[in-house]
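*Asks:* Coordinates for the following, if possible.
(one chain, ligands or ions: 2)
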Amino acid sequence: MDDVYRVRPVAGPIVGAVRPPGSKSITNRALVCAALADGRSTLTGVLDSDDTRYMLAALQTLGFAMTVSDEGKTILLDGAGGRIPAIEADLFVGNSGTTIRFLTAMLTLGAGGFRLDGVARMRERPIEDLVAALNQLGARVRCEAENGCPPLWVHANGLPGGAASVRGDVSSQFLSGLMLAAPCAEAAVELTIDGVLVSVPYVEITRRVMSAFGAEASTGADYARIKVANTGYRAAHYGIEPDASAASYFWAAAAITGGRVTVQGLGADSIQGDVRFVDCLEQMGCRVESSDDSLTVEGASLRGIDVDMNGISDTVQTLGAVALFAEGPTTIRNVGHIRHKETDRIAALACELRRLGGMVEESETGLVIHPGPLRGAEVETYDDHRMAMSLALVGLRQKGVVIKDPGCTAKTYPNFFTDLEGIASGACPPV
Ligand SMILES: O=C(O)C1=C[C@@H](OP(=O)(O)O)[C@@H](O)[C@H](O)C1
Ligand SMILES: C=C(OP(=O)(O)O)C(=O)O
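*Replies:* Ligands and ions are numbered 1, 2, ... in the order given. Predicted coordinates for the structure are as follows:
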């Protein structure tokens, strides 16, 4: 892909339908459950992107047999009943948070020595809360530089289990990783959340995917205490929904252009919290229609809103782009943890929205976005797929928007710009 992508403004409202690729979050969970299951699982609707390829490659290196077909969308995986076939491996996970957090927990079930590393940014992303909780359960995990970040080592000899507390205010992925490994521990696992838990909807995804593979996690109403019996997993035939975070860009395109976009394959009963992004657009003035397997947003004149996005924080950048076209300010609250993701997303978003003409007040845990006279600009993307996909939306109405390093969308959506052009081609000039 070229090193820049020049966004072409549309001639009118975008009207059309799209089916995004499979959910990254569900794909990486299903791969772990299938690998730990006893027998052969069939996964369909699998996402084929950088993050899922790192997970797949790691499982193959660890000795799990699999067959990939249908351009990566279907995987037959032979689970090893809670064992890890390899006794040693040095695994590279790029900047995939789910891959390193879920694999670190999973590898404690094995026997041998395993090292996990990633790109420079991954070496700045905290993992100490997961390491501490795993060691409370009897594992031996350590950060190589003793700085709470990858690279890390797992000296595996089975996971004894028992009780542990885990902090959840930086990432919910630590809890999800512990839950995913727990059914294969030597004894039942009881986890207590120490303090606040962010991104709670992703823990519900974990619980639902585990259940589909025969393992139950009792979470209670507030996810403060989670119990998992050591039942193991059973092989399953599991269909993966399209990615709701990816869907946010197309719903936002309808909002920004005053069009009507239907995302297929995602209905009101989706297990992904990010489908609730449509509620933000509805509060801004859009119309939302839902059916069993589709969600449609119809744009309208937009007003700014004040919203707590802790549970849907992967759509913060999407809302930031939409906010530039609203009457009045949009306040995004309670998302301080996104400073630890692919980049410091609060700082990066504030900087690039200002470059495009927005006026932004930044705080430690959120931002206030005031629409201003927009201008074209060459925007930075910080090797963050969601910066690239969100800021491209501004270019649908503002000419001169250029996205640097568009290839970074490969982390979760390699064909994003092709799909955006496809839906934009449905833009019909006002009659
Ligand atoms: O569990 C998951 O699949 C994810 C959890 C979220 O991370 P945090 O829990 O760190 O917010 C989200 O940002 C990420 O894209 C995927
Ligand atoms: C934060 C994200 O992913 P991860 O934490 O899995 O790297 C994301 O996809 O926005």
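
*Asks:* For the spatially closest residue to P183 that is not a sequence neighbour, give me its contacts.
*Replies:* Spatial nearest neighbour of P183, chain neighbours left out: A215 (3.8 Å); criterion: C-beta to C-beta, 6 or more residues apart in numbering. Yep, even glycine has a C-beta here, placed from its N, CA and C like the rest. Contact partners of A215, counting by C-beta atoms under 8 Å, 6 or more residues apart in numbering, are 33, 182-183, 228-229, 231-233.

*Asks:* can you rerun that using 6 Å?
*Replies:* 183, 231, 233 (C-beta atoms under 6 Å, 6 or more residues apart in numbering).

*Asks:* Tell me which of those residues fall in strands.
*Replies:* With strands taken from DSSP state E, the overlap with the contacts of A215 comprises Y233.

*Asks:* Just the buried residues of the contacts of A215.
*Replies:* 183, 233 (16 or more other C-beta atoms under 10 Å).

*Asks:* picking up where we left off before, from T206, how far off is the residue nearest to P183?
*Replies:* 10 Å (C-beta to C-beta, to the nearest Å).

*Asks:* Return the list of strands paired to the strand ranked longest in the chain, each annotated with direction.
*Replies:* Ordering each strand of the chain by length in residues (DSSP E) puts strand 189-197 first. Using DSSP bridges, the strands paired with strand 189-197 are strand 162-168 (parallel), strand 225-228 (antiparallel).

*Asks:* Same list (those strands) but as a markdown table, adding mean neighbour count, mean pLDDT and distance to R8.
*Replies:* Shown next, in a markdown table, are the strands paired with strand 189-197 (neighbours: other C-beta atoms under 10 Å; pLDDT from 0 to 100; distance: least, C-beta to C-beta, whole Å):
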| stretch | mean neighbour count | mean pLDDT | distance to R8 |
| --- | --- | --- | --- |
| strand 162-168 | 19 | 98 | 42 |
| strand 225-228 | 19 | 98 | 48 |
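
*Asks:* Mind checking the ones you listed for the one nearest to A133?
*Replies:* strand 162-168 (3.9 Å; C-beta to C-beta).

*Asks:* Just the CA atoms of the closest one, as PDB, please.
*Replies:* C-alpha atoms of strand 162-168 as PDB (Å, rounded to 0.1, in the frame of the first residue of the first chain):
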ATOM      1  CA  GLY A 162      -7.000 -21.400  43.600                       C
ATOM      2  CA  ALA A 163      -7.600 -17.800  44.500                       C
ATOM      3  CA  ALA A 164      -6.100 -14.600  43.100                       C
ATOM      4  CA  SER A 165      -6.800 -10.900  42.900                       C
ATOM      5  CA  VAL A 166      -6.300  -9.000  39.700                       C
ATOM      6  CA  ARG A 167      -6.300  -5.300  38.900                       C
ATOM      7  CA  GLY A 168      -8.600  -4.300  36.000                       C
END
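
*Asks:* picking that back up, does ligand 1 sit close to the longest strand of the chain?
*Replies:* No - against ligand 1, strand 189-197 shows no contacts by C-beta under 6 Å from any ligand atom, the least distance being 9.0 Å.

*Asks:* mean confidence score for that strand?
*Replies:* For strand 189-197, mean pLDDT rounds to 97.

*Asks:* how far does that strand sit from the chain's center?
*Replies:* On the basis of C-alpha atoms, centre = their mean, to the nearest Å, strand 189-197 sits 21 Å off its chain's mean C-alpha point.

*Asks:* Could I get the buried residue list for it?
*Replies:* Buried, per 16+ other C-beta under 10 Å, within strand 189-197: 189-191, 193-194, 197.

*Asks:* With stretch 197-209 instead?
*Replies:* 197-207, 209.

*Asks:* for stretch 78-89, same thing?
*Replies:* Neighbour counts over stretch 78-89 (16+ other C-beta under 10 Å) mark 78-80, 82-84, 86, 89 as buried.

*Asks:* what's the span of that stretch from first residue to last?
*Replies:* From its first residue to its last, stretch 78-89 covers 19 Å (C-alpha to C-alpha, to the nearest Å).

*Asks:* which element is the spatially closest residue to T61 that is not a sequence neighbour on?
*Replies:* Beyond its immediate neighbours in the sequence, the residue positioned closest to T61 (C-beta to C-beta, 6+ apart) is A89, lying 5.1 Å away. For A89, the host element (DSSP states H and E) is strand 88-92.

*Asks:* and the next element down the chain from that strand?
*Replies:* That would be, after strand 88-92 and using DSSP H and E, helix 97-107.

*Asks:* Only the buried residues of the helix or strand just after that next one, if you could.
*Replies:* Helices and strands here follow DSSP H and E; after helix 97-107, the next one along the chain is strand 111-117. Within strand 111-117, the residues that count as buried by 16+ other C-beta under 10 Å are 112, 114-117.

*Asks:* Tell me which two in those residues are the farthest apart.
*Replies:* Greatest spacing in the buried residues of strand 111-117, by C-beta to C-beta: G112 and D117 (16.8 Å).

*Asks:* quick one: whatever residue of the chain ends up closest to ligand 2 and Y202, what's the gap?
*Replies:* As assessed by C-beta to the nearest ligand atom, ligand 2 sits closest to G97 within the chain, at 2.6 Å. Distance from G97 to Y202, counting by C-beta to C-beta: 11 Å.

*Asks:* residues in contact with stretch 112-122?
*Replies:* For stretch 112-122, using C-beta under 6 Å, 6+ apart, the contacting residues are 87-95, 100, 107, 150-156.

*Asks:* does any part of it sit near ligand 2?
*Replies:* No - judged by C-beta under 6 Å from any ligand atom, stretch 112-122 stays clear of ligand 2, getting no closer than 8.2 Å.

*Asks:* For that stretch, measure first residue to last.
*Replies:* Length of stretch 112-122, first residue to last, C-alpha to C-alpha: 24 Å.

*Asks:* got it, and stretch 288-295?
*Replies:* So stretch 288-295: terminal residues 7 Å apart, C-alpha to C-alpha.

*Asks:* Let me know which of the strands paired with strand 189-197 is the nearest to M66.
*Replies:* Of all these, strand 225-228 comes closest under C-beta to C-beta, at 25.2 Å.
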